[in-house]
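[1] just the structure for this:
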Amino acid sequence: MHLTHDPSAPAAEDIGFDDFLKIDIRLGTIIEADTFPEARNPAYKLRIDFGQGVGVKRSAAQITDHYAPEALIGTRVMAVVNFPPRQIGPVRSEVLVLGFPDSKGAIVLARPDFDAPDGARLA
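    Predicted coordinates:
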């Protein structure tokens, strides 16, 4: 499967509901955000608190166009928490923070409109 940033692209192939249920998307709060100068593409190193069940996880996120590290502290984000970790340079990225590309390809974070507890699973 190839991911595209083209908003006019057709929907991906159908999957079963059981496949969807395998993806564990949780709500968390960014508690640390630092620059990641070693990354090939501009990125931040994040620590995100997903509450008691999942705990605090690390992520490398390419969200530098719209967000400054200090402004990210306390930001609520959604992330896939059950992908295998990926080594990105010196950082072990444990979760995939979710977002959408804007018209120029810069990532805009996917965030809830209202409050829910850290660790809440996408329903």
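[2] mind listing what the residue nearest to the spatial centre of the chain touches?
    Residue closest to the mean C-alpha point of the chain, counted by Cα atoms, centre = their mean, is residue 97 at 0.4 Å. With contacts defined as Cβ atoms under 8 Å, 6 or more residues apart in numbering, residue 97 is in contact with 46, 48, 59, 61, 63, 77-79, 109. All C-beta spots, glycine's among them, are computed from the backbone N, C-alpha and C.
[3] over to residue 41?
    Counted by Cβ under 8 Å, 6+ apart, residue 41 has contacts residue 62.
[4] in the protein, which ranges drop under the pLDDT threshold?
    By pLDDT under 70, the weakly predicted segments of the chain are 1-4.
[5] now stretch 92-107: buried residues?
    93-99, 107 (16 or more other Cβ atoms under 10 Å).
[6] and it, how far out from the chain's middle?
    Distance of stretch 92-107 from the chain centroid (Cα atoms, centre = their mean, to the nearest Å) equals 6 Å.
[7] just send the buried residues of stretch 92-107 back as TSV, with distance to residue 38 and secondary structure too.
    Output for these, formatted as TSV (distance: Cβ to Cβ, whole Å; DSSP: H, G, I helix; E, B strand; the rest coil):
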residue	distance to residue 38	secondary structure
93	13	strand
94	17	coil
95	19	coil
96	19	strand
97	18	strand
98	23	coil
99	21	strand
107	19	strand
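[8] which pair of these spans the longest distance?
    94 and 107 (18.4 Å; Cβ to Cβ).
[9] in stretch 12-19, what's buried?
    With the criterion 16+ other Cβ under 10 Å, stretch 12-19 contains no buried residue.
[10] hmm, I typed the wrong one, I wanted stretch 42-60.
    43-50, 54, 57-60.
[11] mind listing which of those residues are in strands?
    Members of these lying in strands (criterion: DSSP state E): 44-49, 57-60.
[12] identify the bridge partners of residue 86.
    residue 93 (DSSP bridges).
[13] that one - how many residues pack around it?
    13 (other Cβ atoms under 10 Å).
[14] for this structure, what spans make up the helices?
    17-21, 51-54, 69-72 (DSSP state H).
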